[in-house]
Every structure is written in structure tokens, then in C-alpha cells.
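J.: pasting the structure only:
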């Protein structure tokens with residue numbers, strides 16, 4: 001926005017009154033158009049600018065220096081309108097009152113004043129402790145003057161204001177990246193569509209699948225830390241091309257309206273979808289991680305499963321991968337969906353609620369639920385309550401034929417009927433201590449369960465292949 005356009009947009013009668021105070025020997029400025037013309041000429045008036053620099057306060061000097069170090073797509077800066085803090089800038093009608101306690105200052109004013117400000121290599125002047133309270137762990141690690149610069153710009157910028165200043169070509173690029181079309185017959189504009197998509201969690205969830213994986217992880221970290229500031233680098237660069245963030249002095253900030261919506265988006269799911277670069281239409285397999293919750297040591301299995309697997313089949317895969325014996329009831333749960341393994345006859349009343357949607361495991365596909373939710377829980381044995389977290393970590397495109405398999409594993413094999421995670425911890429502690437008074441009894445009982453201390457990954461994967469290829473599984477009880 002050029003200076004004249006800027007002043008025509010933001011000047012008010014209050015600015016006209018202020019400009020006419022104390023104009024000895026000068027003609028009265030009669031209207032806002034005349035004032036806009038006068039202020040526009042001042043940005044090129046060396047005599048006026050040099051005079052203004054001579055009377056600027058120390059705080060105003062600091063402000064001009066900080067703003068000069070950053071860029072703005074709008075060609076103006078928004079900051080607090082405080083005449084007591086910026087008396088010269090307000091008296092000369094350079095800092096213009098906007099609304100809601102905010103003021104605006106055109107970049108041409110900053111550049112003009114900087115021609116008469118000489119640092120001679122000195123550092124920025126000191127800034128009050130109040131200015132340092134950013135609430136951002138990322139910003140607090142930056143040098144003081146950079147911290148305040150980035151915070152000052154980031155706190156004032158909004159997606160709505162920034163989009164107003166984007167050139168049409170830039171808006172078209174963003175809508176293309178978001179993969180949303182603009183229907184002009186419905187009165188839509190690029191600016192309107194971008195704002196609607198980036199402030200609606202459901203629409204954003206669909207749009208952000210087009211982001212690179214590293215950018216999604218950056219967003220997830222920002223939301224997890226409740227900190228919308230980040231370092232601009234190759235991993236976060238895409239955030240600007242999607243209209244999610246702005247930049248100040250090589251540091252990025254997520255617009256507040258976008259950040260609010262991001263908190264309602266399943267970014268863990270998005271990270272899994274974008275990790276390998278395989279599109280929703282191309283994948284034929286999924287990498288999932290199954291973790292036994294609350295165990296005394298990490299007990300995890302990383303599995304590769306075919307995409308079109310129903311939940312009863314997935315139940316059998318987890319049983320073999322973890323080392324269970326399919327001796328008890330089990331179910332999956334994702335948000336309000338309860339997925340049962342044996343029709344709907346295994347419903348346990350302690351989990352029952354009128355808001356739960358009960359589904360049949362044989363009729364429900366795993367990928368449809370995981371793609372929607374990103375993770376779910378798997379409960380085995382309603383007495384011992386072995387609860388597992390199942391997390392989608394990556395979409396894959398694998399060669400055929402494809403069978404479920406264990407790719408990685410961590411931790412011991414859990415022991416069936418040992419009393420849940422706390423009983424398992426006590427049982428393993430006894431097995432590792434031959435001097436324990438219960439060692440003989442526990443050892444005898446564990447051997448009767450066909451428990452194996454060694455995890456036989458190759459044998460497990462072989463049996464999974466036999467199970468899902470239709471080949472007979474010989475001696476099925478051998479783990």
C-alpha cells in the first residue's frame with residue numbers, strides 16, 4: 001500500500017485536529033484529503049525528517065530501528081497507540097490512531113527517518129523488562145533486541161489484515177497449495193477462501209495434508225508447546241506458502257486465528273499421513289505402533305499391516321505381535337466408537353454409555369478409523385485390563401503380496417493372566433531373582449503358560465504370513 005493510499009484509508013478527524021494544532025504561519029489543513037497529501041509529501045522531505053529525528057525520544061529511536069530491521073507485506077506496521085510513549089510520532093501525525101488502542105505507521109516513514117539516524121555500530125538501546133514478557137519459550141532464547149522486534153510484529157499481525165495486502169498472484173498461490181477452488185459465481189474471492197479454510201479446523205484438516213511432513217511436525221511442536229513462534233528454515237518455509245504464518249527478522253509466527261484453529265486439528269494424524277509422501281489415493285499399507293500403556297518398561301511393537309484389514313484381523317495380528325494367546329475378550333475404542341471382536345455380544349457394561357457407537361470388528365476397516373482419528377486404544381482381557389495405544393505413524397506403498405508383519409519391537413513379552421501391568425512388573429521381578437521365596441512357584445506357573453522369554457520375530461512373521469495367506473498354521477499355540 002503506497003503512502004497516499006495508506007493515509008486515505010487510516011486518517012480520521014482526530015488526526016486532522018491534531019495536525020492543525022500549533023501550525024503558526026501555516027495555512028489551516030481543511031480536510032482529510034489535504035492532510036493525506038501533506039503527510040505523503042513529508043516522507044520525501046529531508047528537512048522535515050531531519051527535524052523530526054532531532055526531537056525523537058529514546059524510545060521512539062528504538063522503535064524506528066527495530067521496525068527498520070524487519071519486513072512487512074502490508075507496507076505498514078501496527079503497534080500500540082500510546083502518545084505518552086511516542087509523543088513526537090503522534091504529534092507529527094506519523095503514528096496514526098486506528099482503533100482498539102492500536103496505531104499504524106507506514107514503512108516509508110521508518111525508511112525516511114532512518115536516513116538521519118546514525119548508529120555507528122552501537123547496539124540497540126535498552127528495552128524495559130515489561131517489553132521482554134513474551135510468554136514464548138522460543139522467543140525468550142533470542143537476543144533481547146531481536147526478541148522484542150519479533151514479538152512486536154508477531155503480536156500485531158493477523159491473518160485477516162495480512163491477506164488484505166497480498167497481491168492477487170500470491171493469493172492464488174496459497175489457494176492452490178491449500179487445494180481449494182474459488183467459485184466467483186458464489187461471490188468467493190481468494191482472500192475469503194483462504195481465511196475460511198485456515199480458521200475452520202475441519203477444512204484445515206483437509207488442506208494441510210498437502211503440507212510437507214517437516215512443516216506438519218513444526219506445527220505439532222508449536223501446538224504441543226503452546227508457542228506460535230519458530231525459526232524460519234527449510235523445514236518451516238512451506239508454512240508461509242500456505243498462508244499459515246508471517247516472518248520477522250528470520251523468525252516466524254503463526255497468525256493467532258490460525259493457531260486457535262490448529263489446536264483443534266489432529267496433527268498427529270496429519271504427520272502420519274504426510275511422513276512418507278504417499279498420497280491418500282496411493283497407499284496400500286500402514287505403519288502402526290502398538291504400545292502397552294503404563295508398563296514398568298517400554299513394551300512396543302511397530303507393525304506393517306495391509307490397508308484393507310478389518311478389526312478382527314487386526315486383533316489377531318496384535319495378539320501374535322505382543323505375545324498374547326487370544327484367551328480373553330477384547331475391543332478397540334476410537335473417540336466414541338467401540339469396535340467389538342465377536343459381533344456385539346462382548347459388550348462390557350462398565351464401558352457402556354448411550355453416547356458410544358458400537359461397531360462389529362469384522363465389518364469395520366482399520367484404515368478408515370485410523371485415517372479419521374490417527375490413534376485408538378485396544379483393550380485385552382476385561383479382568384487384567386491390558387490397555388494398548390495404537391498409533392498410525394505412516395502411510396506406505398508396499399510391493400505385493402503384502403502380509404502383516406512385525407517390523408520393530410521393544411521390551412519383554414507380557415505374561416498372560418499375571419494381573420495387569422502391575423502384576424507383570426512383580427512377576428518379572430520374581431523371575432529375575434532366583435533367591436526370591438516365590439521364584440519356584442512363579443517359574444512353574446509361567447512355564448505352564450508357554451511363556452517365552454525370547455521374542456521370536458521371524459517365527460511370528462512367518463505365522464502371520466501363513467495365517468493371512470490361507471496356508472495352514474501348524475502347531476498354532478507355539479509362540
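T.: Received it, and whenever you're ready, just let me know what you need. No experiment lies behind these values; they were computed from the predicted model shown. Numbers count the residues shown, from 1 in each chain.

J.: tell me the SS of residue 236?
T.: coil (DSSP: H, G, I helix; E, B strand; the rest coil).

J.: ok, now which ones touch it?
T.: For residue 236, the contacting residues are 214, 215, 218, 230, 245, 252, by CB atoms under 8 Å, 6 or more residues apart in numbering. (Each C-beta comes from the backbone N, C-alpha and C, glycine too.)

J.: okay if I get these as TSV plus pLDDT, distance to residue 336 and neighbour count?
T.: Output for these, formatted as TSV (pLDDT from 0 to 100; distance: CB to CB, whole Å; neighbours: other CB atoms under 10 Å):
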residue	pLDDT	distance to residue 336	neighbour count
214	95	32	17
215	96	30	25
218	96	30	25
230	96	34	22
245	96	33	29
252	95	36	24
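
J.: for residue 161, grab the count of nearby residues.
T.: A total of 15 residues lie near residue 161 under the criterion other CB atoms under 10 Å.

J.: ah, wrong one, I meant residue 418
T.: Neighbour tally, residue 418, other CB under 10 Å: 21.

J.: got a list of what it touches?
T.: By CB under 8 Å, 6+ apart, the contact set of residue 418 is 384, 424, 427.

J.: mind checking how far the second one is from residue 328?
T.: Residue 424 is 15 Å from residue 328, where distance means CB to CB, to the nearest Å.

J.: swap in the last one?
T.: Distance of residue 427 to residue 328, computed by CB to CB: 17 Å.

J.: settle it for me: which of those two has more neighbours?
T.: The residue with the greater number of neighbours, taking residue 427 and residue 328 and applying other CB under 10 Å, is residue 427; the counts read 20 against 16.

J.: isn't that one right next to residue 414, touching?
T.: No: the pair residue 427 / residue 414 is not scored as a contact, 9.5 Å apart, by CB atoms under 8 Å.

J.: helices along the stretch 351-479 of the chain, start to end?
T.: According to DSSP state H, counting those that start in this stretch, the stretch 351-479 of the chain carries its helices in the segments 366-373, 420-431, 439-448, 457-469.

J.: now the contacts of residue 236 in JSON lines, with distance to residue 432 and secondary structure?
T.: Listed next are these as JSON lines, based on distance: CB to CB, whole Å; DSSP: H, G, I helix; E, B strand; the rest coil:
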{"residue": "214", "distance to residue 432": "42", "secondary structure": "helix"}
{"residue": "215", "distance to residue 432": "46", "secondary structure": "helix"}
{"residue": "218", "distance to residue 432": "43", "secondary structure": "helix"}
{"residue": "230", "distance to residue 432": "46", "secondary structure": "strand"}
{"residue": "245", "distance to residue 432": "52", "secondary structure": "strand"}
{"residue": "252", "distance to residue 432": "50", "secondary structure": "strand"}
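
J.: so can I have TSV of the residues you listed showing distance to residue 319?
T.: Supplementary listing: the contacts of residue 236 in TSV, determined by distance: CB to CB, whole Å:
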residue	distance to residue 319
214	36
215	37
218	37
230	42
245	45
252	46
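
J.: tell me the one of those residues nearest residue 268?
T.: Distance to residue 268 across the contacts of residue 236 (CB to CB) is lowest for residue 218, with 13.7 Å.

J.: ok, now which ones touch the closest one?
T.: 230, 235, 236, 239.

J.: one more pass at 10 Å, please.
T.: Residue 218 sits next to 211-212, 230-231, 233, 235-239, 244-245, 252, 254, 267 when contact means CB atoms under 10 Å, 6 or more residues apart in numbering.

J.: measure it to residue 158 for me?
T.: 20 Å.

J.: buried set for stretch 215-230?
T.: Applying a neighbour-count criterion of 16 or more other CB atoms under 10 Å, one finds 215, 216, 217, 218, 219, 220, 222, 223, 227, 228, 229, 230 buried in stretch 215-230.

J.: which one of the residues you listed is nearest residue 77?
T.: Taking CB to CB as the measure, residue 229 is the one of the buried residues of stretch 215-230 closest to residue 77, at 17.8 Å.

J.: partner residues bridging the closest one?
T.: When bridges are taken as DSSP bridges, the partners of residue 229 come out as residue 253.

J.: can you give me the distance of it to residue 154?
T.: Taking CB to CB as the measure, residue 229 falls 6 Å from residue 154.
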